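>>> could you work out the structure for the sequence below:
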Amino acid sequence: MRSEDQIKRKINELRMTCQRMEAADNQEAADQVLIRIEMLEWVLNAPTEKYHV
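Just a heads-up that it's a prediction; the model follows:
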């Protein structure tokens, strides 16, 4: 299991990656990175419900 700090660092890394992809006009890849960011943010919010609804 990852620590909260590790997850936050990964989110920051992915945000920088997303910005580079958007600057390179690669929106499709940037959208995939955004999905990963959203999932990690969901994990940080200490969810109590199921991931798959």
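
>>> lowest-confidence helix or strand of this protein?
Within the chain, no helix or strand scores below helix 27-44, which has a mean of 92 by mean pLDDT, DSSP states H and E.

>>> which strands and helices lie in contact with that one?
helix 4-23 (3 or more Cβ pairs under 8 Å, 6 or more residues apart in numbering; DSSP states H and E). Glycine gets a C-beta too; all of them are placed from N, C-alpha and C.

>>> centroid residue for this protein?
Centroid-nearest residue in the chain: residue 37, 1.1 Å away (criterion: Cα atoms, centre = their mean).

>>> residues in contact with it?
Residue 37 makes contact with 11, 14-15, 18, according to Cβ atoms under 8 Å, 6 or more residues apart in numbering.

>>> hang on, residue 8 packs against residue 44?
Yes. At 7.2 Å, residue 8 counts as touching residue 44 under the criterion of Cβ atoms under 8 Å.

>>> comparing those two, which shows the higher neighbour count?
residue 8 (14 against 11; other Cβ atoms under 10 Å).

>>> thanks a lot, see you next time.
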